Every structure is written in structure tokens, then in C-alpha cells.
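Q: Prediction below, plus the sequence it came from.
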Amino acid sequence: MAHGHEIPSTKTCVRLNIGKMTITEKLLDSLKSQFLLGDNGFHGWSHWLRVLENGRRLAPLTGANLKVVELFSVFHDSQRENEGFDPGHGQRGADFAVEMRGRWFEASDQEMDLLYQACALHAKGLTQADVTLQTCWDADRLDLGRVGIAPRIDRLCTPAAKKIIEHQMKMPLRKLTP
Ligand SMILES: [Fe+2]
């Protein structure tokens, strides 16, 4: 029997979490279709997906709950009503996630509690919290470059995110030229 092209066993699938993706196309499409602002501003789905990438990079380093971090990335700004001052958007994002649990995604009570807090508090500038919340907030703050702001190290929560920014700041400018 040929090796190397075998279909992974159920055991392997479970280990790799195949078929158990948190951010499905259906979830993302549903979130996009209810979002009031489209993708032309600073808080649209391009931003959500960059936060998702940042979160996926950070979570294995911080020990955060990856599922919560992934859900945070697509829910935290999903209820924004404008691109500027919108102090209630984090709370609305948290409430919306609660409403959509069981319809668009599954999460345990503990995960839901973390997701709720991460969304509700994400714009308050906090740095001290559970490591999963910290990872969510850092994933968001690492994307501040899109609005022309370099993330400040003292506003980041986790050593992993601080290291990423420190590394970026050390890079010679010519290396950043396309
Ligand atoms: Fe954000």
C-alpha cells in the first residue's frame, strides 16, 4: 500500500481539528451582511481578518483560548455604527455574540464569558486581565498601523505582542519598502 497519500484517520482529524473550524464562511458572511459600515473604513472585515491572523499568531505563545480569540476577532467591531466615536460598540458586540451563540457558532459557558468580556471591554484601554482577554486586545491593537498609529508597547498586554512590535521597530526602513 502506498504511503504518503493516505486519507487521515478519524483520530488524526480530531487531533488537527479538521472540520471543527470556528470561523466558518457562513459565520463570516452572516456577520458581513448585518454590518452597517461595509469594508471601506478602518473597522470592516479586512480589519477583522487581520485581527484574526494576529490572534492566531499570538495564542500559541500566550496560552490563550484560541476559539475565544478567533470569535473576538470577528465580533468585537461588528456592531459599530460609525467609524469614529462609538463608545457602545464593544458592549453591543458582546451582546450580539451572546445572541448568535448556538446559531452561528458553538462555545462553552466559560468561553462565552471570556468572549463577552473581551468584546465589551476591548476599547477601554485595559492591559490587566485574563490571558485570553489580553491576547484578544493585543491582536486588535497590533492592527493600529492601519490608522497610522504605531502600537505603544506600554499599551500592549502580553510579552509576545510586545516582542512583535519591538522586532518591527528594529527593522530598517529600507526593508519595509516594497
Ligand atoms: Fe478592532
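A: Alright, I've got the coordinates. Numbers count the residues shown, from 1 in each chain.
Q: rest of the way, CA atoms for contacts and neighbours
A: Will do.
Q: Listing request: residues of this structure with sub-threshold pLDDT.
A: Counting by pLDDT under 70, the chain contains low-confidence ranges at 1-20, 172-178.
Q: Of all the helix elements in it, which one is longest?
A: Identified as the longest helix of the chain according to DSSP state H is helix 45-62.
Q: For whatever helix or strand comes next after it, name the packing helices and strands.
A: Moving toward the C-terminus from helix 45-62, the next helix or strand (DSSP states H and E) is helix 66-75. The contact analysis (3 or more C-alpha pairs under 8 Å, 6 or more residues apart in numbering; DSSP states H and E) places helix 66-75 against helix 25-34, helix 45-62, helix 89-100, helix 109-121, helix 131-141.
Q: Give me the neighbour count for Ile23.
A: Ile23 has 16 neighbouring residues, counting by other C-alpha atoms under 10 Å.
Q: Pretty sure it sits against Glu70.
A: Yes. Between Ile23 and Glu70 there is a contact under C-alpha atoms under 8 Å: 6.9 Å.
Q: Residue nearest the middle of this protein, spatially speaking?
A: Ser73 (2.7 Å; C-alpha atoms, centre = their mean).
Q: show me the contacts for that one.
A: 48-49, 51-52, 55, 136, 139-140 (C-alpha atoms under 8 Å, 6 or more residues apart in numbering).
Q: what would the residues you listed look like in a markdown table with neighbour count and distance to Gln34?
A: Formatted as a markdown table, these follow (neighbours: other C-alpha atoms under 10 Å; distance: C-alpha to C-alpha, whole Å):
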| residue | neighbour count | distance to Gln34 |
| --- | --- | --- |
| Trp48 | 26 | 14 |
| Leu49 | 15 | 17 |
| Val51 | 25 | 19 |
| Leu52 | 23 | 19 |
| Gly55 | 31 | 23 |
| Cys136 | 33 | 22 |
| Ala139 | 29 | 23 |
| Asp140 | 25 | 21 |
